[in-house]
Each structure stands twice: as C-alpha cells, then as structure tokens.
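Enquirer: Pasting the sequence and the predicted coordinates here, then a few questions.
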Amino acid sequence: MKKLLFVLSIIALPLNAIAADKPDKMSDSTIDAAVKKFGPSFCAKTVDGIKEAAEKVYDCYQKTPKDNPDLEICFLGDNAVYTIIERVRNKSNSLGKNDPFGHIIFFSEPEILKRVKELQIFSKYKNYTDEEKTKYQVKSIKDFINKANASCNPSH
C-alpha cells in the first residue's frame, strides 16, 4: 500500500508541476512593469499620449527577444494602445473625420494580426489551451487597466 501511494505521488508530481506552470494571469511584477512603462502615456488621455504609448510598444517589441517572458509587458501595452486606437478610429469614422493614427503602420490590421499569431505561439503559453490563453490574457489586461488607471490618479 505504501508503495502504491509512493508511485501515485510520483505520477501526480508532473501534473502538479504543470498546474503550477499555468497561472491564471500574468504576475503582478509583470503588470506593474507594464504600468510603469506605459501608464504615464495613457494618463495624458490625449492623441499625443497614445502616439507616445504606441512608440513605446513598438520599442518594447524591438528590444525584447521573442522568447523572453518580459514580452508580456509588450503584450499588455500593445492591447491597451490597440483598444484605445480602435475606439478613436471608430469615432473618427462615424464623424467623417480622418483617423489620427492612420499613419502608424505598427497598428495597421496586417501588423496587428501578425502580432496576434506570434502571441499564440509564445513559448510561455505552450501548456495552455486557446481558451486558457484567452482567459489568462483577459484577466491580465483587466488588472493592467485597473492599475494603469489608478496610477493616473494616485490620490484615490
């Protein structure tokens, strides 16, 4: 009986290790690093602030190797900038105005789709199903947005 329990615990160990390797969101240190890197640009709440954040996202991707876990910092900034740019683009289109971000090639649809594909094969997510990756990203982005907003008005 003791041998059976020992063998079962050995078999279960890799399952526990896999589970431990699959947190449900990015680490707080990663989210905090993204807030520090991109937050001030978002706090400006201006087109120029978003353009500055877009440049920082581009720079982040250029300076971070594709297999480096710190690439998640770039993912967070990328998603936030993209979300804001899309809102502004939609509003500009509905008002018949020019897209103030139209010249930023890095946030064109083909470039965004290319980054989404890279995100899907990011080595850190190899043990995640597509559904788990989506939940992981959504939860991380929500935490990032909450912390970034709080950093804009630290007195509250």
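Expert: Noted; the coordinates are in hand.
Enquirer: close enough to count as contact, Lys37 and Cys60?
Expert: Yes - using CB atoms under 8 Å, Lys37 is in contact with Cys60, at 7.0 Å. In short, each C-beta sits where N, CA and C put it, glycine included.
Enquirer: where do the contact lists of these two overlap?
Expert: Common contacts of Lys37 and Cys60 (CB atoms under 8 Å, 6 or more residues apart in numbering): 73, 77.
Enquirer: Does the nearest residue to Gly49 once chain neighbours are set aside fall in a helix, a strand, or a coil region?
Expert: Nearest residue to Gly49 in three dimensions, chain neighbours excluded: Ser41, at 4.9 Å (CB to CB, 6 or more residues apart in numbering). Following DSSP: H, G, I helix; E, B strand; the rest coil, Ser41 is assigned to helix.
Enquirer: Also Asn98?
Expert: Per three-state DSSP, Asn98 ends up coil.
Enquirer: count of neighbours near it?
Expert: 10 (other CB atoms under 10 Å).
Enquirer: Report the separation between it and Glu118.
Expert: Computed with CB to CB, to the nearest Å, the distance linking Asn98 and Glu118 is 30 Å.
Enquirer: ok, now Val81?
Expert: In terms of CB to CB, Val81 sits 16 Å off from Glu118.
Enquirer: the more surrounded of those two?
Expert: Val81 (26 against 13).
Enquirer: next one: the helix or strand where that one lies to chain centre, how far?
Expert: According to DSSP states H and E, Val81 maps onto helix 71-94. For helix 71-94, the separation from the chain centroid amounts to 11 Å (computed by CA atoms, centre = their mean, to the nearest Å).
Enquirer: Equivalent analysis for stretch 119-138, please.
Expert: With CA atoms, centre = their mean, you get 11 Å for stretch 119-138.
Enquirer: oh, and call the first residue 482 from now on, that's how I've got it
Expert: All set: I'll call the first residue 482, so the last point we hit is now stretch 600-619.
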